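Visitor: Return atomic coordinates for the entry below.
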Amino acid sequence: MIHSSSATVRIPARVTKGLVHKHDSAQVLLTGLVRTGADAFVINADWSNLSGTTWAGDGRPDVAGLLTETIRQAFPLLSHAGYDVPFGHHLLWEQYRYALGLPALLGGGVSGRPDLHVRCHDIVRRRGRVSGLSLDITVVRDGELLATAHTRFNIQPPAIYQRLRGERGDAATMLELARSRPLPPPASRGSEEFKDALLSPTDAPDTWLLRVDTHHPVYFDHPSDHAPGILLLEAAKQAAHSMRHPRAGTTEAMETVFHRYVELDAPCRVDAQPLPDDQQGRARFLVTMHQDERLCFTALVSVINSHAR
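Guide: As a prediction, this is how the structure comes out:
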């Protein structure tokens, strides 16, 4: 393990699937971690072999999804290898925002070996262990800026997590309940592949039901007792793209807040509405998700016309 130090220290072993909380080793996107300061790191990623994955797309790579999954994998890697968080602890998203460097991403494609330069701050410790982290992340490939991101997550020991979650904290039970309910049909727009559609149409305009396929190989690579955060982020992007709006194009930035869990045993409503353009002239959409009339998730999605650049 790496311990706090101002010296540059490298993990001696390769990044294994357990370090990024994946069961399928083919989905591991990170290859190395170097500590460059007390709370500063460089994480190496590998996008050179994405064939057959959700992020490869069908001739039109999902750059936002790939970036987000790469950053998501950095959470457990930093927690376990950088801050000695024990395996079995739960990492829970609180907020996440990103902005893409689309010229570099679209010009170079989703390939190569980018580096994530990470600064950790606002670190909360309880009983000697890290229980909360904020990360500022800059993603660079061959000297070109691919993205910037900020996120915060908290870490809960198993006993506390189970006490807070109660009966809904058992992944096997929740997955069984979810699979006992019919999977709603996919919306006609919003994803490149039928299997990746996360929205189901309703009679109301710009309103959908969240479509949670618990057999999906990426979102449910391992058992979960609630809808994973990366699924909610992708659903928000699909909602913005599915709106009847002349400029619902490429997602360039997103700001999100995770208010509470989206449970697997109840329907979740997804609503989207257009907002005034931002100062950069990007179209903006507010996407919200409610379950049992309680707000679970909010996303401000900024998009540009696919042919604008």
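
Visitor: what comes up buried for stretch 14-26?
Guide: Val15, Lys17, Leu19, Val20, His21, Lys22 (16 or more other Cβ atoms under 10 Å). Bear in mind the C-beta positions are built from the backbone N, C-alpha and C, glycine included.

Visitor: Pick out the most distant pair among those.
Guide: Val15 and His21 (11.5 Å; Cβ to Cβ).

Visitor: ok, now which ones touch Leu135?
Guide: Ala74, Phe75, Leu78, Val118, Arg119, Cys120, Ala149, His150, Thr151, Arg152 (Cβ atoms under 8 Å, 6 or more residues apart in numbering).

Visitor: Now, these that are in strands?
Guide: Mapping the contacts of Leu135 onto strands (DSSP state E) picks out Val118, Arg119, Cys120, Ala149, His150, Thr151, Arg152.

Visitor: What sits closest to the first one if chain neighbours are left out?
Guide: So the one you mean is Val118. Nearest residue to Val118, sequence neighbours excluded (Cβ to Cβ, 6 or more residues apart in numbering): Phe41, at 4.6 Å.

Visitor: What does the one you found show for phi and psi?
Guide: phi -140, psi 160 (degrees, to the nearest 10).

Visitor: Could you check how far it is from Leu116?
Guide: From Phe41 over to Leu116 the distance is 8 Å, taken as Cβ to Cβ, to the nearest Å.

Visitor: With Leu233 instead?
Guide: From Leu233 to Leu116 the distance is 17 Å (Cβ to Cβ).

Visitor: what's the answer for Val34, then?
Guide: 11 Å.

Visitor: Now list whatever residues contact both of these two.
Guide: Phe41, Val42, Ile43, Asn44.

Visitor: if we take these, which one ends up nearest to Val218?
Guide: The closest of those, once distances to Val218 are taken by Cβ to Cβ, is Ile43, at 19.8 Å.

Visitor: which strand residues sit across from that closest one in the sheet?
Guide: Note on Ile43: beta-bridge partners by DSSP bridges are Leu33, Leu116.

Visitor: Could you shift the numbering so residue one becomes 179, and keep it that way?
Guide: Sure, I'll start counting at 179 from here, so that last one is Ile221.

Visitor: Do you know the pLDDT at it?
Guide: Per-residue confidence (pLDDT) for Ile221: 96.

Visitor: can you check Thr214 too?
Guide: Looking at Thr214, its pLDDT stands at 94.

Visitor: What of Glu430?
Guide: Reading off the model, Glu430 has pLDDT 91.

Visitor: Quick check: it touching Val479?
Guide: No. Judged on Cβ atoms under 8 Å, Glu430 makes no contact with Val479 at a distance of 9.1 Å.

Visitor: check contacts around the closest residue to Cys298 other than its chain neighbours.
Guide: Distances taken as Cβ to Cβ, 6+ apart put Asp217 closest to Cys298, at 4.1 Å, once the chain neighbours are dropped. Residues near Asp217 by Cβ under 8 Å, 6+ apart: Ser182, Arg297, Cys298, His299, Ile301.

Visitor: Now list the buried members of these.
Guide: Neighbour-count burial (16+ other Cβ under 10 Å) applied to the contacts of Asp217 gives Cys298.

Visitor: With respect to pLDDT, which of the contacts of Asp217 ranks lowest?
Guide: Comparing the contacts of Asp217 by pLDDT, Ser182 comes last, at 40.

Visitor: what are the ranges of the strands in this structure?
Guide: 187-188, 208-215, 218-223, 268-278, 293-304, 307-319, 322-334, 377-379, 385-388, 428-436, 447-453, 461-469, 472-482.

Visitor: okay if I get the ones you listed as JSON lines plus distance to Val396?
Guide: Shown next, in JSON lines, are the strands of the chain (distance: least, Cβ to Cβ, whole Å):
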{"stretch": "strand 187-188", "distance to Val396": "29"}
{"stretch": "strand 208-215", "distance to Val396": "15"}
{"stretch": "strand 218-223", "distance to Val396": "16"}
{"stretch": "strand 268-278", "distance to Val396": "16"}
{"stretch": "strand 293-304", "distance to Val396": "19"}
{"stretch": "strand 307-319", "distance to Val396": "20"}
{"stretch": "strand 322-334", "distance to Val396": "19"}
{"stretch": "strand 377-379", "distance to Val396": "16"}
{"stretch": "strand 385-388", "distance to Val396": "16"}
{"stretch": "strand 428-436", "distance to Val396": "18"}
{"stretch": "strand 447-453", "distance to Val396": "19"}
{"stretch": "strand 461-469", "distance to Val396": "19"}
{"stretch": "strand 472-482", "distance to Val396": "18"}
